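Chemist: Please work out how this folds:
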Amino acid sequence: MKDKKLYFYLLLVIAIASVAFVMDLYSSSVPVELGTKTILDNTGKPTTTLEVDFPLWQKFSNLLINFLYGLAAAVFITVFVANRLQKAQQDEKEEELKKLNNAINVNVFDSLFKTIIPEEIFKIIKQEIIESNIVRKEAKWIYDFTLDEATGEIECRMTTRYELHNLSQKDAVDPIKLELDTLGGNEYKIEEAECRDVSDKVLVHFDPKDKGNNKNVVVNENGSHTTVEYSVKIPPESHVVYKTVFIRRYEGNIVDSQATKVPVIGADVIVNFPKDYCFDISPTMSTKPKLISKSDMQKIYRVNGGILPWQGFTFYLVEPAANKSIQPTAEASAD
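Modeler: Sure, this is the predicted structure:
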């Protein structure tokens, strides 16, 4: 309806201006009469001049033409220019109202949940989940356990892959700091660290065997303690893909843990292990994983829901024997 009114006024302006233009052309083509007039100059001598005499109807016509031009300009300014100013002011008021509503909603939300959840717990939920503008999706935790026949040690190749999504309307910076403290056990070795954007462009790359091609990564080594740091800027409503690979050797039965620092939606746990070994997990997450595939040397678990920050699972790899018990030191890691 509003657009129809604008089109109507536009046609009205064109029509008025067209009528005024046609009348102006006709009026300018009408012949005029020239007459002589004698007057006395400053010295008292008579002087003859020529005068253009317009018909009376043409004078009224010129007044009407000027009025129509002015009317067309007034309608255009009133309808179109004023309408744009009004729309700009309306958009500004709507934006202010939206911000006010959001602020009210936040206050109402805070007040409501504080009545049913202890304030100390609510602060953690708000900081770790509600105010978080990034989330991991479709995480892949892949564990490849192999037995070293010579030493009897178990080597684990841990591959982590996930999409990191920016849910906000502005750029989000995701700083990654990998703390690889061995806690007295065998050291971690980084095989690969990489991040790519949606166009498959490499944003971060680390390869300890080819350090000359490392990109946007800082590695600090201090004895058995290794720190790997990198940061990626994620555009609004976009995502990047992370991939990291670690190597760790274990002696005897294994008890270890995996957790996440940010919320995760959807995850797969894929485990390959030597024959005659038993693998199992003990989940410590809100959504329980489901065992979807099982064989003598592989297990695959699927998490279809969400995983909250610092949740994860503890995994066990033991050699089955009736007289054996699990006696390793539990170690935890979070990525």
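Chemist: ok now whichever strand or helix holds residue 122, how far from the chain's centre?
Modeler: Element membership for residue 122 (DSSP states H and E) is helix 119-125. The chain centroid and the centroid of helix 119-125 are separated by 26 Å, computed with C-alpha atoms, centre = their mean, to the nearest Å.
Chemist: Which helix or strand lies directly C-terminal to it?
Modeler: Next helix or strand after helix 119-125 toward the C-terminus (DSSP H and E): strand 134-147.
Chemist: Just the residues contacting that following strand, thanks.
Modeler: 153-167, 172, 174, 234, 239, 254, 258, 260, 262-274, 277, 279, 307, 315, 317 (C-beta atoms under 8 Å, 6 or more residues apart in numbering). For glycine as for every other residue, the C-beta is placed from the backbone atoms N, C-alpha and C.
Chemist: Drop anything exposed from these.
Modeler: Neighbour counting over the contacts of strand 134-147 (16 or more other C-beta atoms under 10 Å) leaves 154-166, 172, 174, 234, 239, 254, 258, 260, 262-273, 277, 279, 307, 315, 317 as the buried ones.
Chemist: sec struct for residue 236, please.
Modeler: Applying DSSP: H, G, I helix; E, B strand; the rest coil to residue 236 yields a three-state assignment of coil.
Chemist: Touching, residue 275 and residue 298? I think so.
Modeler: No - applying C-beta atoms under 8 Å, one finds residue 275 not in contact with residue 298, separated by 10.5 Å.
Chemist: Show me what the helix holding residue 122 is packed against.
Modeler: helix 82-116 (3 or more C-beta pairs under 8 Å, 6 or more residues apart in numbering; DSSP states H and E).
Chemist: related to what we said a few turns ago, more neighbours, residue 275 and residue 298?
Modeler: Between residue 275 and residue 298, residue 298 has the larger neighbour count (other C-beta atoms under 10 Å), namely 13 against 8.
Chemist: Per-residue confidence at the nearest residue to that one once chain neighbours are set aside, what does it come out as?
Modeler: Among residues not flanking residue 298 along the chain, residue 272 sits closest, at 5.2 Å (C-beta to C-beta, 6 or more residues apart in numbering). We note a pLDDT of 96 for residue 272 in this prediction.
Chemist: So which of the contacts of strand 134-147 sit within strands?
Modeler: Among the contacts of strand 134-147, the members found in strands (DSSP state E) are 154-166, 172, 174, 234, 239, 254, 258, 264-272, 279, 307, 315, 317.
Chemist: Low-confidence ranges, the chain, go.
Modeler: For the chain, the stretches with pLDDT under 70 are 1-3, 6, 29-42, 44, 48-59, 99-114, 179-186, 223-226, 321-335.
Chemist: In CSV, list the C-alpha atoms belonging to stretch 194-210.
Modeler: C-alpha atoms of stretch 194-210 as CSV (Å, rounded to 0.1, in the frame of the first residue of the first chain):
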residue,chain,number,x,y,z
GLU,A,194,46.1,-27.0,11.0
CYS,A,195,43.2,-24.6,10.5
ARG,A,196,41.4,-23.9,7.3
ASP,A,197,38.5,-21.5,6.4
VAL,A,198,35.4,-22.3,4.4
SER,A,199,37.2,-21.9,1.1
ASP,A,200,39.8,-24.4,2.3
LYS,A,201,42.5,-21.7,2.6
VAL,A,202,45.2,-22.6,5.2
LEU,A,203,45.1,-20.1,8.1
VAL,A,204,47.3,-22.0,10.5
HIS,A,205,49.8,-24.8,9.8
PHE,A,206,52.4,-26.6,12.0
ASP,A,207,54.6,-29.5,11.1
PRO,A,208,57.5,-30.3,13.4
LYS,A,209,59.3,-32.1,10.5
ASP,A,210,59.0,-29.1,8.2
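Chemist: Distance from the chain centre to that stretch, please.
Modeler: Chain-centre distance of stretch 194-210: 20 Å, with C-alpha atoms, centre = their mean.
Chemist: list the buried ones in that stretch?
Modeler: Neighbour counts using 16+ other C-beta under 10 Å place 194, 195, 196, 197, 203, 204, 205, 206, 207 of stretch 194-210 among the buried residues.
Chemist: swap in stretch 295-303?
Modeler: Residues 299, 300, 301, 303 are the ones in stretch 295-303 that count as buried (16+ other C-beta under 10 Å).
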